[in-house]
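**Q** Predicted model and sequence follow; I will ask about them next.
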Amino acid sequence: MTGAADMTGRAMHPGTARLPGIDLQPSSVGKALTVLSAFSQGGGPLRVSEISRRANLPKSTTHRMLGLLVSFSLVEHGDSGYRLGGRLVELARLAGEPDAEELSSSLRPVLHRLHRGTQQTIRLAMLTGSEVVYLDTADRCAAGGPPRSAADRAPSHCTAAGKALLAFTEEGRGRLAVPLELPRFTDRTLVTSAALIAELEEIRERLVAFDHQEFRYGTVGVAAPVFSCRHKPVAAISVETGPRIPHARELVRAVYLAACEATRQLSCAACASTAYVSRSRRVGIAPEHGCVKGAA
């Protein structure tokens, strides 16, 4: 295969990454990055032959580099070809977004106020792969002080916080496009991707997610997503309570408004209005009054 020429007219060795300002030698790292950069031209799932052509690499080398990238979840392989993997998409989403420590620090007062107003356990969560990681908890143990740390994990498909984030995360919904059997935790857990996708569509409309004892018996959850200035879901605020939700409509409204306040806190006013507040008119709730539809 004939090598391409760089900007100076010098011949490029096959596998040398053609990235502006970067001179990568034809090493395995360089070849892997070259293969990865082939996806930047778009075009949906790609066959090995097309990736080989774009990367200016032999098919055998391309196939080997794809195997390496797949092993790190940077690329995914399906029946229709190769596409960018969940790990890479997640890293791209996190670029420029607040990290866990920043989220906890910025939103701690919001959690504390919501706990004081509801007297329920309040949790802040973020999505990591197929799980949610709880960053902070405000409950009776934290009364009179900052919420205690609660860095534990739970599956996203059967928790209110997880579903609130999956509903607005493209890569999360994309993984569910393939028929899957999801782990069952109670007899109320949604165990098929089709059933979960249907519920996520409802969550996108009402902006609030529920967990009706789907992860643990005796625990009911209500959650709403928090958006960044880029309109990306970066966290979820949830309430955990018993199976009989006290003042259910008021509680759901309080969670929604706390998430709206958190979104404003992370965003400029204009961005917050676009990402969250303006949606409230569509789902039947406004920051000043009203309740989310379906919060019986």
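**A** Received it, and whenever you're ready, just let me know what you need. Residues are numbered from 1 along each chain as shown.
**Q** Who are the contact partners of Ala224?
**A** Ala164, Leu207, Val208, Ala209, Ala236, Ile237, Ser238, Val255, Tyr256, Ala258, Ala259, Cys260 (Cβ atoms under 8 Å, 6 or more residues apart in numbering). For every residue, glycine as well, the C-beta is placed using N, CA and C.
**Q** And Gln213, how far from Leu165?
**A** 20 Å (Cβ to Cβ, to the nearest Å).
**Q** Those two: which is more packed in?
**A** In this view Gln213 and Leu165 are compared by other Cβ atoms under 10 Å, and Leu165 has more residues nearby, 27 against 18.
**Q** The more buried one is in contact with Ser238, isn't it?
**A** No. Shown here, Leu165 and Ser238 do not form a contact pair, counting by Cβ atoms under 8 Å, at 10.2 Å.
**Q** residues shared between the contacts of these two?
**A** Shared contacts of Leu165 and Ser238, counting by Cβ under 8 Å, 6+ apart, come down to Ala125.
**Q** so Glu199 touches Leu190, yeah?
**A** Yes. Using Cβ under 8 Å, Glu199 is in contact with Leu190, at 6.5 Å.
**Q** where along the stretch 101-250 of the chain do the helices fall?
**A** For the stretch 101-250 of the chain, the helices defined by DSSP state H, counting those that start in this stretch cover 160-166, 170-175, 193-206, 248-266.
**Q** among these, which is nearest Leu66?
**A** helix 170-175 (19.0 Å; Cβ to Cβ).
**Q** hey, least reliable of the helices of the stretch 101-250 of the chain by pLDDT?
**A** When the helices of the stretch 101-250 of the chain are compared on mean pLDDT, helix 170-175 scores lowest, with a mean of 69.
**Q** before we move on, the earlier item: with distance to Ser105 added, can I get the helices of the stretch 101-250 of the chain in CSV?
**A** Output for the helices of the stretch 101-250 of the chain, formatted as CSV (distance: least, Cβ to Cβ, whole Å):
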stretch, distance to Ser105
helix 160-166, 19
helix 170-175, 25
helix 193-206, 27
helix 248-266, 11
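**Q** Please identify the most buried of these.
**A** Compared across the helices of the stretch 101-250 of the chain, helix 160-166 shows the largest average neighbour count, a mean of 29 (mean count of other Cβ atoms under 10 Å).
**Q** Which neighbouring elements make contact with it?
**A** strand 121-128, strand 131-138, strand 153-155, helix 170-175, helix 193-206, strand 209-212, strand 220-227, strand 233-241 (3 or more Cβ pairs under 8 Å, 6 or more residues apart in numbering; DSSP states H and E).
**Q** re earlier: nearest to Gly218, of the contacts of Ala224?
**A** Ser238 (15.9 Å).
**Q** Could you give the number of residues near that closest one?
**A** 31.
**Q** Can you name the residues bridging to it?
**A** For Ser238, the beta-bridge partners are Arg123, Ala223 (DSSP bridges).
**Q** quick one: contacts for the residue nearest to Phe215 when sequence neighbours are not counted?
**A** Among residues not flanking Phe215 along the chain, Cys158 sits closest, at 4.5 Å (Cβ to Cβ, 6 or more residues apart in numbering). Residues near Cys158 by Cβ under 8 Å, 6+ apart: Leu182, Phe185, Thr186, Thr189, Leu190, Asp211, Glu214, Phe215.
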